[in-house]
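In: I need the structure of the sequence given here:
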Amino acid sequence: MRTSRVLRTQASSDAVTPGQTTVLALLNKRGPLTMRELADAEHVQAPSMTRTVNALAAQALVTRAEHPSDGRQVVVVITDAGRALLEDTRRMRAAWLAERLEGLPPADRAALHRAAELLLEMTAR
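Out: Okay, here's the model as predicted:
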């Protein structure tokens, strides 16, 4: 968890917060979502998600669109600019992590590689 937290803060864009980056990643992966779906996925209250989406919309990283089947709702959609920012963030994270891994002795890198394999196996069950 600590490594994940450090990756989010050290290798994130100055344009958005780590939480906003998570929302962009969610929209990029799942496609358009309602505010309620976003709030539920992130385990936050609707007003908090509204603030997050408003901040992203102000930077043109997301847009709101009509819900395809419920005229009372809107869906949040990631924009091309949001995808580009997300890709830049991912690239920064990968570079940050690669730099730190390169400084480790080969035996430690091998141990981390095996640990990653074990974690993948655990989550696949």
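In: ranges for the helices of this protein?
Out: Taking DSSP state H to define them, one finds helices in the chain at 2-10, 18-30, 35-42, 46-58, 80-102, 106-124.
In: tell me, what residue is most central in the protein?
Out: When the chain is reduced to its mean C-alpha position, the nearest residue by CA atoms, centre = their mean turns out to be T22, at 2.8 Å.
In: now the residue nearest to it when sequence neighbours are not counted: how far from R90?
Out: Nearest non-adjacent residue to T22, counting by CB to CB, 6 or more residues apart in numbering: E42, 6.7 Å away. The C-beta positions use only the backbone N, C-alpha and C, and glycine is treated the same way. Computed as CB to CB, to the nearest Å, the E42 to R90 distance reads 19 Å.
In: gap between the residue of the chain most remote from its centre and A41?
Out: Distance to the chain centre peaks in the chain at A107, reaching 31.0 Å (criterion: CA atoms, centre = their mean). For A107, the distance to A41 equals 39 Å [CB to CB].
In: again with E66
Out: Distance from E66 to A41, by CB to CB: 21 Å.
In: those two: who's more crowded?
Out: A41 (15 against 10; other CB atoms under 10 Å).
In: quick one: contacts for that one?
Out: 26, 30, 33 (CB atoms under 8 Å, 6 or more residues apart in numbering).
In: list the contacts of the second one.
Out: By CB under 8 Å, 6+ apart, the contact set of R30 is A41.
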